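**Q** this one's sequence-less:
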């Protein structure tokens, strides 16, 4: 229903011509056009409409479906791609009809699937619930149109699996239980079909049937889900390793390729989760990320590689490097996809988690874990929250309170970014930042591995080769934001520090 600007009546589409129906304002119904009834005061109406839009703004105000050109009257407008502004909105039913027409108009599998999974305007995949809803419609359409074609149905199931997995990845790295079960259930259902088909062949024939590619993909997704659970369950990580070994076996039967390389990398990651990351694992993830950056920085594969590297760095107490990487990747994702894209939200969520600073202190007679929030006004005390005890059934911390504690009573945990202060004998370390990665209990000192990224540190300490030093807790300042470190060493303080180093030499 739309309002006629001449007679002010709410009328259906049949009461307007196609041209008048598509107009945003000043439309006239057929009756008013035939009766030569004009709009009395278009200027006043324009003002009223402008005030109304200002008072009641909406997220997709003024947007219309790019297929049928209708607004919200034709159903809820949806968009979950990388389109900006008012473009890209469409009704689900219109997208389904458009995809059906494209599907029936080609025999090429890739071309047939593309309208169901990719926005034709921005050429980016549909994300979130919209991507899953389209994939579900695709599966229903194929099951109805080709009830006897198992290959087409499996192909549609594989497409839905991809949409479900994509939504799962970009919503929560911890893999929400209900959605994880949905993905795993569909993947195992696909495997039960294609493995029966593939068992007929000792060696895949040429050309390789799609069923082998789908088996490799579904097995990899099951392994990825188990890998996500393996973050807190080493047994699941070992199960994931078996899935990735199976992927490598299938891939080698098909002649190797990118799938084998990805499975080998995932296998290394699964082994790292069950056994712990090694320096070799970190170097491999760094190399993978750098290769993706060299190919194309503004690409989803680069962002995904950066996220994997950041997770490994954080788990091995390389927090400063992880935080910088997450900040840069979040900015890249925001520029590439926009601030509301699931991948951007995922980076920002991980960045917030990375910025949490945890400490230990004696509380009620025993050492307990707290979250450090900030300093008080004069910097002599920390404001902490805790203790971090067992969670309630709703996932919330119980019996948590805030305390103001002297800095001398606080002990930063491994991975906490710190800055050296107040050192008298090793004055050249004052102002340097690094991560805590161990403790020497004999002399009550923390092992700090220094960061060399800030430009002022590289300039002043270029002649130093220090990697790690033992520093007393009272000479360490927790950094709540690593960007503040650049501000703490500027101007006269930086000049004074340089002068002290030169005098030492």
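**A** That came through, no problem. Everything quoted here is computed from the prediction, not taken from an experiment.
**Q** helix/strand/coil for the residue nearest to residue 471 when sequence neighbours are not counted?
**A** Closest residue to residue 471 apart from its sequence neighbours, by Cβ to Cβ, 6 or more residues apart in numbering: residue 448 at 5.1 Å. Where C-beta positions appear, they are placed from N, C-alpha and C, glycine not excepted. Here residue 448 is recorded as strand under DSSP: H, G, I helix; E, B strand; the rest coil.
**Q** can you pull the buried residues of the longest strand seen in the chain?
**A** Using DSSP state E, we find that the single longest strand of the chain is strand 366-375. By neighbour count on 16 or more other Cβ atoms under 10 Å, the buried set for strand 366-375 is 370, 371, 372, 375.
**Q** What is the nearest of the residues you listed to residue 8?
**A** Nearest to residue 8 among those: residue 371, at 59.5 Å, using Cβ to Cβ.
**Q** Just the pLDDT for residue 365.
**A** If you check residue 365, the pLDDT there is 80.
**Q** Can you tell me how far it is from residue 407?
**A** Note on residue 365: its distance to residue 407, by Cβ to Cβ, to the nearest Å, is 21 Å.
**Q** How about residue 433?
**A** The value you get for residue 433 to residue 407, if Cβ to Cβ is used, is 17 Å.
**Q** Neighbour count for the two, which is higher?
**A** In this view residue 433 and residue 407 are compared by other Cβ atoms under 10 Å, and residue 433 has more residues nearby, 24 against 18.
**Q** May I see the buried residues of stretch 124-137?
**A** 124, 125, 126, 127, 128, 130, 131, 132, 133, 134, 135, 137.
**Q** any idea how far residue 80 is from the first one?
**A** Looking back up the chat, that one is residue 124. For residue 124, the distance to residue 80 - Cβ to Cβ - is 10 Å.
**Q** for the fourth one, same thing?
**A** Here the criterion is Cβ to Cβ. By it, residue 127 lies 5 Å from residue 80.
**Q** Same check on residue 451?
**A** In this view, residue 451 and residue 80 are 38 Å apart by Cβ to Cβ.
**Q** before we move on, what about residue 288?
**A** Counting by Cβ to Cβ - residue 288 and residue 80 are separated by 28 Å.
**Q** For these two, indicate the residue with more neighbours.
**A** Neighbour count, other Cβ under 10 Å: between residue 288 and residue 80, residue 80 has more, with 22 against 19.
**Q** Need the nearest residue in space to that one, chain neighbours excluded.
**A** Nearest non-adjacent residue to residue 80, counting by Cβ to Cβ, 6+ apart: residue 130, 4.0 Å away.
**Q** Assumed the one you found was part of a strand.
**A** No. Checked against three-state DSSP, residue 130 lies outside a strand; its state is helix.
**Q** quick one: contacts for it?
**A** With contacts defined as Cβ atoms under 8 Å, 6 or more residues apart in numbering, residue 130 is in contact with 78, 79, 80, 92.
**Q** tell me which residues of stretch 195-208 are tucked away?
**A** 197, 198, 204.
**Q** How far does that stretch sit from its chain's centre?
**A** 36 Å (Cα atoms, centre = their mean, to the nearest Å).
**Q** Now do that stretch: everything it contacts.
**A** 150, 209, 211, 212, 215, 253, 254.
**Q** so how far does that stretch reach from one end to the other?
**A** 14 Å (Cα to Cα, to the nearest Å).
**Q** Check stretch 87-94 too.
**A** End to end - Cα to Cα - stretch 87-94 spans 15 Å.
**Q** Pull out the buried residues from that stretch.
**A** In terms of neighbour count (16+ other Cβ under 10 Å), stretch 87-94 has its buried residues at 88, 89, 90, 91, 94.
**Q** Make CSV from the buried residues of strand 366-375 and add pLDDT to it.
**A** Below are the buried residues of strand 366-375 laid out as CSV (pLDDT from 0 to 100):
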residue, pLDDT
370, 88
371, 88
372, 89
375, 81
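**Q** which among these gets closest to residue 70?
**A** Using Cβ to Cβ, the buried residues of strand 366-375 come closest to residue 70 at residue 371, 50.4 Å.
**Q** what about the closest residue to that closest one other than its chain neighbours, distance to residue 375?
**A** The shortest distance from residue 371 to any non-neighbouring residue, by Cβ to Cβ, 6+ apart, is to residue 385 (4.8 Å). Applying Cβ to Cβ, the value for residue 385 to residue 375 is 14 Å.
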